[in-house]
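Q: Below are the sequence and a predicted model; questions follow.
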Amino acid sequence: MENNIKEIRERHIKEITEFQESCPHPEVSNWMQYHWAPGHYSHDVRTCIRCGMILKERGIENVFK
C-alpha cells in the first residue's frame, strides 16, 4: 500500500484525537509553560500525563493583547 504524507498525517491526527477523547485523564501535570514554537512562551497549561491533552490553561487571556 502506498501512502502519501497527507494521508499519514490525517490518520495520525485522527488516532491521537480518539485516544485523547477516550482517556479518563488519570494524572494531571503541574502548571508548565506552553511554547507554541521553541522559545515562544504564550501561557501556562496543565496536561494529562497519559495522553498529553491540554486540560487547563491560565494566562491565555493576555496572549492576544
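A: Alright, I've got the coordinates. The shown structure was predicted, so the numbers you read here are calculated from the model rather than taken from an experiment.
Q: Partner strands of the helix or strand of the chain at the bottom of the mean pLDDT ranking and their direction?
A: The weakest-scoring helix or strand in the chain, judged by mean pLDDT, DSSP states H and E, is strand 32-37 (a mean of 89). Here strand 32-37 has these sheet partners by DSSP bridges: strand 40-47 (antiparallel).
Q: now the partner strand: mean pLDDT?
A: Across strand 40-47, pLDDT averages out at 92.
Q: Would you mark the buried spots in that strand?
A: Of the residues in strand 40-47, Ser42, His43, Val45, Thr47 count as buried by neighbour count, 16 or more other Cβ atoms under 10 Å. Every C-beta, even on glycine, is put in place using the N, C-alpha and C of the backbone.
Q: CA-only coordinates of stretch 19-36 in CSV, if you can.
A: Extracted C-alpha coordinates of stretch 19-36, given in CSV (Å, rounded to 0.1, in the frame of the first residue of the first chain):
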residue,chain,number,x,y,z
PHE,A,19,-7.1,8.4,22.1
GLN,A,20,-7.4,11.7,23.9
GLU,A,21,-11.2,11.7,23.9
SER,A,22,-11.4,8.2,25.4
CYS,A,23,-8.7,8.9,28.1
PRO,A,24,-10.0,9.3,31.6
HIS,A,25,-7.1,11.7,32.4
PRO,A,26,-5.9,9.8,35.5
GLU,A,27,-2.9,12.0,36.2
VAL,A,28,-2.6,15.8,35.5
SER,A,29,0.7,17.7,35.3
ASN,A,30,1.7,20.7,37.4
TRP,A,31,1.4,24.1,35.7
MET,A,32,4.0,24.4,33.0
GLN,A,33,4.8,26.9,30.3
TYR,A,34,3.3,26.4,26.8
HIS,A,35,5.6,27.1,24.0
TRP,A,36,3.9,27.3,20.6
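Q: who touches the most centrally placed residue in the chain in this structure?
A: Nearest residue to the geometric centre of the chain (Cα atoms, centre = their mean): Met53, 4.6 Å. Counting by Cβ atoms under 8 Å, 6 or more residues apart in numbering, Met53 touches Gln20, Cys23, His25, Thr47.
Q: residues making contact with stretch 22-35?
A: Contacts of stretch 22-35 (Cβ under 8 Å, 6+ apart): 41-51, 53-58.
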